[in-house]
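Visitor: okay, predicted coordinates and the sequence, questions at the end:
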Amino acid sequence: MVCVAHAVLTLADFIGRISTTLKQLAAGNFSQPLINPEKRGRFLYKNSGIFTCDSAVAMDPSKKKVVPKSYKMVLRGQGLDRKDLAGKSDPFFVVKYNNLTIYKSEVLRNTLDATWKEFSVDVASVANLDTPILLECYDWDANGTFDHIGSVTTTLRELSMKGAKFPLINKEKQGRIGYHNSGTLTLEAVTPSTEGAKAPPPAYTVRVTTISKMDNKDVLSKSDPFLVVKSKTGAALFKSETMMNQLMPEFKPFRLEVAAAGGLDSPITFEAWDFDTNGQHDFIGGFSATLRELNFAHNNEFRLVNPAKLTRALYHNSGIVKVDLTPDTTTPVSTPAATPQGQAPPQGVPQGYPQGYPQQGAPPQGYPQQGPPPQGYPPQGYPPQGYPPQGYPQQPQGYPPQGYPPQPQGYPPQGYPPPGQVPAQGYAPYGQPQYPPQGYPPQGYPQQPPPQGYPQQGPPPQGYPPQGYPPQGYPPQGYPPK
C-alpha cells in the first residue's frame, strides 16, 4: 500500500508506504508506520506517519455488486499554460486509448480555468477499468496547428474516483528549472451507469464544408477540387463531384457505410485533389480520422495537410474543412450503376443509365412498362373495315408463265471443256441444250398479262409504254451470237 499527498505544484509528493495483507487489514485495529526509503537511515528518522485501519466490515455475499458499463464525468482544468500571445488559451482535451481517440471535448475560448461539459466513457471502449488511457490538453488555433498544453496517463478506475486530480505534464518543458506542471485536471463529478454505449447506426450522411481556403493549384484560374474518401486499406469509399474554379467548395452530402469504413475506430482518409483534364490531378491535402472522432459535432474541424510542404517555413495547412455526420438508419436501395461522380457520362448515354445500356440480350425487367396501354390506343375504328381487301395478298394466276425460264439449248458449246479439263465452276453440266435458245426473246414478250390485281387494278396510264417501244430492230439480228 502506498500513501501519497497531492500538491498543485508538483506531480505527487511521496510521503511513505507500508506492506501488509488484506487479512491483517480486515482484522481491525491495524496500525503501521509509513516509511520513505529515501529518508531511511537519516539521523533521528523514524517514519513519515502512521497508517491506521480502525475497522473492516465484511460485505453481504448475497448482494452482488453491480459493475458499471460506463461513467459520466465532468472535468475541470486549472492553472493551464498560456499559449496565445494576445490572450490566454482556448483549451480542449482528448481521451485516447491505444492511440485511438475515444472522446474530444468542446473548445472553451480565452480561459485558463475551464470546466467542460459532461461526457461519457464506455468501459468496453477502453478494454477494462485498469488499462492505461491518455488525457491530452491542447490550445485551439484557427490555422489547425493546436498547441500542446500537457498530458497525463491514468486508468479509468483512477479517473472515476471523485475528486481525483492529475497534473498535466509537457515533456518539452520537463526538466526546466522551476517547472512543475502545465496545469491540472480535476474530476468534478462522476456518475457510474449500467448502460453501455449504444450500437452505431449502419451508416452516416457526411457533409464536408470548406471553412478556410484550399491551396490554389491553377495558374490562370482557381483550383477545381474534388474529394476522395479511403478506408484504412486504401480502398476508395467515395469520390465527390468536381467543384470547378473554387477554393471554398461545399461538397454534396454522401452516405458512408460504417462496415465499409471498418467500424467506428478504423482510420479513414479524406483527400482533396485539383482536377486536371489530362488526368494528372494535383494533390491539395488530406487528413485521417475515425468515424468516432468525426462524430464529435462540437469539435469537428480538420486541417488539410500536404506532407510535401510540412518542412516549409510558416506552412500551417492547405485548407480547413468542417465535417458533419448525421446517423442514417435507412436501408440503401439498390440502384443501377451510374457514371462515376466527377466525370461526364459518355456521349449518347443518358446520365444515370446503367453502363452498357442498351444491354445485349433480353430487355431489362419491367420493359416495356407494366400496366394497361394508354387510353385511346389504338384509335377506335382501326384497322378500317374491309382492310386488308379480300383476296389479298392475291394469288398469282399463270405466274411465272409456263416454260419460263426457257431451258438453255446447246450451252456450253459442244466440245467444251476440252478433253482432260474440268469445266469452270458455275457452268451448266456438260451436254445440256444450247443457251440461249434460238428465237430469243420469245415471241409475245412481254409475257402474258400479270395476275389480276397486280399491279393495281385499272387501265395503265395513257402513253405507257411509249409508242415505238421497244425500238424496231431490237434486239439486233443474230443476238446473242450462236
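Guide: Alright, I've got the coordinates.
Visitor: surely Lys72 touches Glu188?
Guide: No: assessed by Cβ atoms under 8 Å, Lys72 is found out of contact with Glu188, at 11.5 Å. In short, each C-beta sits where N, CA and C put it, glycine included.
Visitor: which secondary structure elements does the host helix or strand of Leu135 contact?
Guide: According to DSSP states H and E, Leu135 maps onto strand 132-139. Packing contacts for strand 132-139, counted by 3 or more Cβ pairs under 8 Å, 6 or more residues apart in numbering; DSSP states H and E, involve strand 91-97, strand 147-155, helix 156-159.
Visitor: what helices or strands is the last one leaning on?
Guide: The one in question is helix 156-159. The helices and strands touching helix 156-159, judged by 3+ Cβ pairs under 8 Å, 6+ apart, are strand 70-78, strand 132-139.
Visitor: turn those strands into JSON lines, including distance to Ser266, mean pLDDT and mean neighbour count.
Guide: Shown next, in JSON lines, are the helices and strands packed on helix 156-159 (distance: least, Cβ to Cβ, whole Å; pLDDT from 0 to 100; neighbours: other Cβ atoms under 10 Å):
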{"stretch": "strand 70-78", "distance to Ser266": "22", "mean pLDDT": "96", "mean neighbour count": "19"}
{"stretch": "strand 132-139", "distance to Ser266": "19", "mean pLDDT": "97", "mean neighbour count": "19"}
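Visitor: list the buried residues for the helix or strand containing Thr269?
Guide: Assigned by DSSP H and E, Thr269 belongs to strand 268-274. Within strand 268-274, the residues that count as buried by 16 or more other Cβ atoms under 10 Å are 268, 270-274.
Visitor: so for the helix or strand following it, what's the average pLDDT?
Guide: Using DSSP H and E, the helix or strand that follows strand 268-274 towards the C-terminus is strand 282-289. Averaging pLDDT along strand 282-289 yields 96.
Visitor: other residues contacting strand 282-289?
Guide: With Cβ atoms under 8 Å, 6 or more residues apart in numbering as the test, strand 282-289 has contacts from 101, 214-215, 217, 223, 225, 267-274, 276, 302-306, 317-319, 323.
Visitor: so what's the residue count around the closest residue in space to Ala297 that isn't next to it in sequence?
Guide: Nearest non-adjacent residue to Ala297, counting by Cβ to Cβ, 6 or more residues apart in numbering: Asp324, 6.8 Å away. By other Cβ atoms under 10 Å, the residues close to Asp324 number 15.
Visitor: which ones are touching Asp324?
Guide: 206-207, 209, 297, 300.
Visitor: quick one on the thing from earlier: most neighbours per residue, which of the helices and strands packed on strand 132-139?
Guide: Burial of those is given as mean neighbour count (mean count of other Cβ atoms under 10 Å); strand 91-97 ranks first at a mean of 22.
Visitor: who are the contact partners of Arg157?
Guide: 129-130.
Visitor: walk me through which strands the strand holding Leu135 pairs with, and which way each runs.
Guide: With DSSP bridges as the test, strand 132-139 is paired with strand 91-97 (antiparallel), strand 147-155 (antiparallel).
Visitor: following the helix or strand of the chain with the lowest mean pLDDT, which helix or strand comes up?
Guide: One helix or strand of the chain scores below all others by mean pLDDT, DSSP states H and E: strand 2-5, with a mean of 44. Later in the chain than strand 2-5, the nearest helix or strand by DSSP H and E is strand 13-17.
Visitor: in that next one, which residues are buried?
Guide: Residues 14-16 are the ones in strand 13-17 that count as buried (16+ other Cβ under 10 Å).
Visitor: can I get those in JSON lines including pLDDT and distance to Val95?
Guide: Formatted as JSON lines, the buried residues of strand 13-17 follow (pLDDT from 0 to 100; distance: Cβ to Cβ, whole Å):
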{"residue": "Phe14", "pLDDT": "87", "distance to Val95": "27"}
{"residue": "Ile15", "pLDDT": "92", "distance to Val95": "30"}
{"residue": "Gly16", "pLDDT": "90", "distance to Val95": "32"}
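Visitor: closest one of the residues you listed to Ile149?
Guide: Checking the buried residues of strand 13-17 against Ile149 with Cβ to Cβ, the nearest one is Phe14 at 25.3 Å.
Visitor: isn't the closest one up against Asn36?
Guide: Yes: using Cβ under 8 Å, Phe14 is in contact with Asn36, at 6.5 Å.
Visitor: before we move on, the earlier item: export the contacts of Asp324 as TSV, with columns for secondary structure.
Guide: Formatted as TSV, those follow (DSSP: H, G, I helix; E, B strand; the rest coil):
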residue	secondary structure
Val206	strand
Arg207	strand
Thr209	strand
Ala297	coil
Asn300	coil
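Visitor: select only the buried ones of those residues in PyMOL?
Guide: Entered in PyMOL, the line below selects the buried ones among the contacts of Asp324, by 16+ other Cβ under 10 Å:
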select buried, resi 206+300
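Visitor: for Phe275, list the residues it contacts.
Guide: With contact taken as Cβ under 8 Å, 6+ apart, Phe275 is in contact with 224-226, 242, 244, 281, 342.
Visitor: can you rerun that using 6 Å?
Guide: By Cβ atoms under 6 Å, 6 or more residues apart in numbering, the residues touching Phe275 are 224, 226, 242, 281.
Visitor: for Val152, see how far away the first one is.
Guide: Pointing back at Asp224 there. Note on Asp224: its distance to Val152, by Cβ to Cβ, to the nearest Å, is 46 Å.
Visitor: got it, and Thr21?
Guide: In this structure, Thr21 and Val152 are 31 Å apart, going by Cβ to Cβ.
Visitor: sorry, back to before: tell me how far the residue nearest to Ala297 lies from Leu310.
Guide: 27 Å.
Visitor: what's the answer for Pro253, then?
Guide: If you go by Cβ to Cβ, the gap between Pro253 and Leu310 works out to 31 Å.
Visitor: okay, these two: which has more neighbours?
Guide: With neighbours defined as other Cβ under 10 Å, Pro253 and Leu310 compare such that Pro253 has more, 14 against 9.
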